[in-house]
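1. kindly generate the corresponding structure for this input.
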Amino acid sequence: MDSSANFFPRFWQYLKERFPLHSHGILIAAFSFSAIGYSRLSRDLMGFISWDKFLVCIFNTITLFLLLRIFDEHKDAEDDAQFRQELPVPRGLIKLSELRNVGIAVFLLQCIVTWFTFPAMLPLYLGVIAYLLLMGKEFFIKDWLKKHQFWYVTSHMLIIPFVDIYASGYDWYLDGDPAPFSLIFFFGVSFMNGIVLEVGRKIRAPHDEKEGVQTYSAMLGLRSSIFLWIVVLVATLIFAMAAAYYAHFPITVYWALSLYFVCTLWAAFSHLKHQTTASGKRIEHASGIWAVLMYLTLGGFLKLIEWL
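-> Numbers count the residues shown, from 1 in each chain. Prediction:
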C-alpha cells in the first residue's frame, strides 16, 4: 500500500491489525471497571464511582495501552523488518515517524483531559508514563534483558500493575484514602494475567514456528511451554483466591474461579493432542477469556449487580 495515501485510513487499518479496539477495548474496559470495582468492594463501599470519573479512566487506560503498542513498534522495529515483514510497519502501511507523532498527540491529549477533569490523578498517571519510558529504553540494559528472558518478561509485565494502581486510584486516591491492602492481590492477578496472555499468544504448533520469531514453544518445546502456561494459570488462581478472601467474597466466587481454571485447561490438553494452528489459537483465545473472567469475577460482576 502506498505510504503517501491518506493517513487516517492507513492508521485505522493499523489499529485493526495491531490494536483491534473490539477485543482490546473490551479487555481494557473490563480491566479498568474491575480494578475500580474491587477497590470499592475492598473498602466496603456501595455503588460505583461517577460516570465522569469512569469515562476519563477508560479513555486514559485504553490510550495508555495504545502508547504501549506504539513503543513496542519502535522497540521491535529491527527484528520486525528482518523477520516479520508482513506487519504494518515493515510492509510500509505506516511509518514509525507517523506512529511517533500519534504517540505524542495521545500523550498530550491524556494530559489535557486529566488536567481539566481530575488533575489530582496526574501524579499516578505520570508514574505510569515514567515506567513506560523506561520500558521503551529497555531500562538501559537491552542486551542483558535479551539474554535473560525471565527478567525481560517480568520487567515489562510490571506495567500492568502500574496501570492498575492508576485505574483503581479513581476510587481510593481521589477519595483521599490509602489503597486497601487487598489490592496487592488484585495487582498480582493483573501481573500474572499479563504473563498468561504473553505466554499464551506465543505457543504455536510446530509447523507454525518461524525463523526469528521468538515463541515459548520454540524456546522450551511444546510440552514445556504448555506446562509453563499452566503454572502461570495456577499462580494467577492463587492470587485470585487470596484477593477474594481478603475482600470477604462469597463461596460462589471460589467455585467460579475453580471452574474457569478447569475449563481453561481444556485448551492446553487440546493443543498437546492436536498440535494444529487452530489448537494453538485456542490457547491464545483461552488466555484472553481467562483474563476477562478473572477481572470481572473479582471486581466486575459483584459490583455490576450491586450497581444495577
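2. only C-alpha atoms from now on, for both contacts and neighbour counts.
-> Will do.
3. and Lys147, what's its pLDDT?
-> pLDDT, Lys147: 84.
4. what about it, neighbour count?
-> 10 (other C-alpha atoms under 10 Å).
5. for Ser155, see how far away it is.
-> Distance of Lys147 to Ser155, given as C-alpha to C-alpha, to the nearest Å: 13 Å.
6. next: Leu233.
-> Going from Leu233 to Ser155 by C-alpha to C-alpha gives 19 Å.
7. as a whole number, average confidence for stretch 49-62?
-> On average, the pLDDT along stretch 49-62 is 94.
8. list the buried residues in that stretch.
-> Across stretch 49-62, burial judged by 16 or more other C-alpha atoms under 10 Å covers Lys53, Phe54, Val56, Cys57, Ile58, Asn60, Thr61, Ile62.
9. contacts for stretch 199-211?
-> Outside stretch 199-211, the residues that touch it by C-alpha atoms under 8 Å, 6 or more residues apart in numbering are 83, 214-218, 222, 225-226, 229, 271, 275-277, 279-281, 283-284, 287.
10. and the helices in the stretch 151-300 of the chain?
-> In the stretch 151-300 of the chain, the helices defined using DSSP state H, counting those that start in this stretch lie at 159-168, 183-200, 216-220, 222-246, 251-274, 277-295.
11. how about these in JSON lines, adding mean neighbour count, mean pLDDT and distance to Phe140?
-> Conversion of the helices of the stretch 151-300 of the chain to JSON lines gives the following (neighbours: other C-alpha atoms under 10 Å; pLDDT from 0 to 100; distance: least, C-alpha to C-alpha, whole Å):
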{"stretch": "helix 159-168", "mean neighbour count": "23", "mean pLDDT": "94", "distance to Phe140": "16"}
{"stretch": "helix 183-200", "mean neighbour count": "23", "mean pLDDT": "94", "distance to Phe140": "22"}
{"stretch": "helix 216-220", "mean neighbour count": "17", "mean pLDDT": "89", "distance to Phe140": "24"}
{"stretch": "helix 222-246", "mean neighbour count": "19", "mean pLDDT": "95", "distance to Phe140": "28"}
{"stretch": "helix 251-274", "mean neighbour count": "15", "mean pLDDT": "93", "distance to Phe140": "36"}
{"stretch": "helix 277-295", "mean neighbour count": "21", "mean pLDDT": "91", "distance to Phe140": "31"}
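12. what score does Pro90 have for pLDDT?
-> Pro90 is assigned 92 on the pLDDT scale.
13. next one: it relative to Arg84, how far apart?
-> Pro90 is 7 Å from Arg84, by C-alpha to C-alpha.
14. one step back: closest to His248 out of the buried residues of stretch 49-62?
-> Phe54 (24.5 Å; C-alpha to C-alpha).
15. so who does that closest one touch?
-> Phe54 makes contact with Phe33, Tyr170, according to C-alpha under 8 Å, 6+ apart.
16. what's the spacing between it and Trp115?
-> According to C-alpha to C-alpha, Phe54 and Trp115 sit 15 Å apart.
17. same question for Leu134.
-> Applying C-alpha to C-alpha, the value for Leu134 to Trp115 is 23 Å.
18. got it, and Ile203?
-> Distance from Ile203 to Trp115, by C-alpha to C-alpha: 42 Å.
19. neighbour count: those two, which is higher?
-> Neighbours per residue, other C-alpha under 10 Å: of Ile203 and Trp115, the larger number sits with Ile203, 31 against 13.
20. quick check: closest non-adjacent residue to the residue most central in space within the chain.
-> Geometric centre of the chain, nearest residue: Gly194, 5.4 Å, by C-alpha atoms, centre = their mean. Spatial nearest neighbour of Gly194, excluding adjacent residues (C-alpha to C-alpha, 6 or more residues apart in numbering): Met157 at 6.0 Å.
21. the one you found: neighbouring residues, count only.
-> For Met157, using other C-alpha under 10 Å, the count is 19.
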